[in-house]
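# return a 3D structure for these sequence lines:
(2 chains)
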Amino acid sequence: MADTVQTWGSTVPEKAVAKPNKMQKFLRQRSTIAFLMCLPLILIIVCLVIYPAFYSIYLSMLNKAQTRFIGLGNFTFLMSRDTFWQVVAQSTIFALSAVFFKALIGLVTAHLVNNLPAKGQRKWRGMLLVPWVIPLALSTLGWWWMFDPTNSAFNYTLRSLGFDGIPWLSDPYWARFSVILVNVWYGAPFFLIMYLAALKSVPEQLYEAASIDGASAWQKFIHITLPMMRNIIAITVLFSLIVTFANFDIVQIMTAGGPRNMTHMFATYAFLLGIRSGDLPLGAATSLFMFPILAVAAIFILRGVRKRGREIG
Amino acid sequence: MSSLSRRSVLKSAALGSAAAVASPYVSGTYAAGTLTLGCWDHWVPGANKALDKLAKDWGDKNKVDVHIDYITSQGEKDKLTAAAEAQAGTGHDIMSHRDWNIRIHQDKLEPLDDLVNGLIKQYGPISPVAEYLAKIKGTWRGVPTTVGSQVKPCCSRFDLYKEHAGLDLRDMFPADASKWDKAKVDSWTWEAYVTSAQKLHKAGFPIGNPLGQTSDAVDWVGGLFNAYGVVMVDEKDNIKINSNETRQAMEIAKKIAEVMPPDVFAWDDAGNNRWLISGKGAGIMNPPSAWAVAKRDNPKVAENCWTHPVPRGPKGRFVGQLPQFYGVWQFSKNKQAAKDFLTYISQKESVGSLVEASVGYDLPSFKSMYDFKTWNEVEPPKGTVYGYPPRGDEQTSITGAPARSEVGAQIYNQAINTVMVSKFTQGKEKLDDVIKWAEKELEGTLRA
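Predicted coordinates for the structure are as follows:
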């Protein structure tokens, strides 16, 4: 409507373009904007990570009834228990072997995918990421059905081929193998994608120069690829080690720590002591036990990463 | 908008009081508002509806908006919820607690002495297992529920037992306890159980009792241990596991393990159910849930199932019992209404509707309530679950007792008894070494 048309520009009063006040200046600073945009994430981390972490440290220093501070009493008690040391050994075996195989499979697969023609590479990348994308509890349930003690799909296949069935979950050693296998299946795609990204960032000229010098594929891998990937390998191994040591879902769903406590991990044992047996402080102490060891490992690994970063820089 | 005068309030209160006095259940509450419950989500399809109906009826009568959240015990979600509410100091008014959870949260639960003692006065003695788990330092912190409370007697294929083991279970335990022949009942011992299990194994229909670390495993081994008089830790914190009784019970357990499928070490609480329902197994120890599922999935199996007492040992016949409880949080905003509602659903009439809805799975903690017709009538075959409530000389028991309940909770939840059996049978460890291991574990449970 013509009568509602207004003109702007020279008619804007002077006050509107007045100098911004202190608050406006503060809000317009790039660092302030960045902070404000990060604030929701910071709040989530404070509420869901930092507060629970400190609370669990506090909890681990209380007595069973949570009425008295007992310092490191829960930790010294745990260290006097054979079953706890069994859990420490199992967690270490589980984490080290699972991370080793995840890294190995990730590295090999990343090379294979990297060498695929660009046209079909995306499809393969997508398919190989599927295990990592499916919710872990759901996929573990699927694996549990395949390993089912009585009606295992794997055993059905083995028997129909004339072989004996395997006690996947009822024999403690096979049960350990099964939970590690599922963890490797789930975690290898993470390594794959990280290593693939690292491989793609290695300058092609380095390989070309090596080829001119007559380097073999293995020599290129040892002298170019691996050194260029060392940082990413260190970070992924560290990250995966922490996550694998803290694994809960796979063991809880597949074996719940059995048979004979021989598949318990820190998290499942902490759940048994803390939630099922009603000793939350002892459960908290169990879950925190690896914290100092992993923290020291993290410091060393990250120091190496920084050092190499400086050398490259 | 209608105004609320002093006169109208008095009138309403008078009418409300009159209605309350006239009804069979007398409410002591001036409750109104909302009452929230976090309840165990029942296995039996449709069983939750009976509790919903009771809540609605009571809520309408008392002008209370009752809201029930059903929380599955799958993955211990109910226990996690209770732990979270206890730590946070906020949540439902009433929470259902399985097995040891009343003891675990005792400091945060309201005393319910008036309520439970009133029920005992009304209905007679309460289950000693329920008392052991919920009466802490002389105070009831939970009221035993009907919903989900259970015992784990034998559920056997009578056709297979008759054909391959020469035992007529329906003749031994007919669906009328007054017709039970003492000599026949007494002949059902753990030795007889082993002999029949060996025959059934030979015939290709092994019995199946789990030997993992879940409650079904802990309960049947606990019943066996009690039958032989095994005490793991006594009331005064003395570790008593190194005994002849333990050795006897372990030898029996070994003989049983030898004739069960090797998978039993990995079975969870559903493993034995699946074994029976598949038609491969001759018997398990379980509430009637296995039979109920067989009725739907494999009717031929269900038609041949018979629930009957567990075998007897030198010290008696002990069946594993796992009661559930309702607890009222100290931070509940409607404590009086909570107590009144719990009183209402604990009345025999209410209990009857819950038992019926669960097809006999739910077992009240009062022996005087073992006469509901549900257990006589459900079929096929008629009378199949008559032997589910403990009858005759069958006593209820729980692994961990008679130790202090703080100690018992750890013995039970860490499945020390089933790990002992697994080490001895599957692990082929020497019995003395297994007992030494158990002694050390039990010593750990005594931590102050």
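
# just for the stretch 151-300 of chain A, where's the confidence low?
Nowhere does the stretch 151-300 of chain A drop to pLDDT under 70.

# tell me which stretches of the stretch 51-200 of chain A form helices.
A:51-59, A:73-79, A:82-114, A:118-128, A:130-133, A:136-147, A:153-160, A:172-200 (DSSP state H, counting those that start in this stretch).

# what comes up buried for the fifth one?
The neighbour-count check on helix A:130-133 (16 or more other CB atoms under 10 Å in any protein chain shown) flags A:131-132 as buried. For the C-beta atoms, the positions are set from N, CA and C on the backbone; glycine is no exception.

# what do you get for the third one?
When neighbours are counted by 16+ other CB under 10 Å, the buried residues of helix A:82-114 are found to be A:83-84, A:87-88, A:90-91, A:94-95, A:97-99, A:101-103, A:105-107, A:109-111, A:113-114.

# cool, and stretch B:321-340?
In stretch B:321-340, counting by 16+ other CB under 10 Å, buried: B:321-329, B:331-332, B:334-335, B:337-340.

# tell me, how many residues neighbour residue 195?
No chain was given, so I picked chain A. 24 (other CB atoms under 10 Å in any protein chain shown).

# my bad, chain B
15.

# may I have the secondary structure class of it?
Per DSSP: H, G, I helix; E, B strand; the rest coil, the local secondary structure of residue B:195 is helix.

# tell me how far it lies from residue A:112.
60 Å (CB to CB, to the nearest Å).

# likewise residue B:256?
52 Å.

# which strands or helices does the helix or strand that contains residue B:70 pack on?
Using DSSP states H and E, residue B:70 falls within strand B:64-71. Applying 3 or more CB pairs under 8 Å, 6 or more residues apart in numbering or on different chains; DSSP states H and E, one finds that strand B:64-71 makes contact with strand B:33-40, helix B:47-62, helix B:77-88, helix B:335-345.

# sheet-wise, list the partners of it with their directions.
Strand B:64-71 sits in its sheet next to strand B:33-40 (parallel), going by DSSP bridges.

# what's the following helix or strand after the strand or helix carrying residue B:121?
Following DSSP H and E, one finds residue B:121 within helix B:113-123. Sequence order places helix B:128-134 as the next helix or strand after helix B:113-123, per DSSP H and E.

# from the chain's centroid, how far away is that next one?
Distance, stretch centre to chain centre, for helix B:128-134: 11 Å (CA atoms, centre = their mean, to the nearest Å).

# mind listing the strands the helix or strand following it pairs with, and their directions?
The first helix or strand that comes after helix B:128-134 along the chain, using DSSP H and E, is strand B:135-136. Strand B:135-136 sits in its sheet next to strand B:139-140 (antiparallel), going by DSSP bridges.

# export the helices of the stretch 51-200 of chain A as TSV, with columns for distance to residue B:176.
Shown next, in TSV, are these (distance: least, CB to CB, whole Å):
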stretch	distance to residue B:176
helix A:51-59	55
helix A:73-79	54
helix A:82-114	48
helix A:118-128	64
helix A:130-133	58
helix A:136-147	43
helix A:153-160	44
helix A:172-200	46
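
# any idea which of those helices gets closest to residue B:156?
Residue B:156 lies closest to helix A:153-160 among the helices of the stretch 51-200 of chain A, at 26.9 Å (CB to CB).

# is chain B within reach of the closest one?
No: residues of helix A:153-160 are not located near chain B by CB under 8 Å from any CB of the partner chain, the shortest gap being 10.0 Å.

# contact partners of that helix?
A:145-147, A:164-166, A:168 (CB atoms under 8 Å, 6 or more residues apart in numbering or on different chains).

# out of those residues, which end up buried?
A:146-147, A:165-166, A:168.

# now, the most widely separated pair of those?
A:146 and A:165 (12.4 Å).

# list residues touching both of those two?
residue A:152.

# pLDDT weak spots in the stretch 301-448 of chain B?
For the stretch 301-448 of chain B (pLDDT under 70), the answer is B:448.

# where along it do the strands fall?
With strands called from DSSP state E, counting those that start in this stretch, the stretch 301-448 of chain B shows them at B:305-308, B:317-322, B:324-328, B:394-397, B:399-402.
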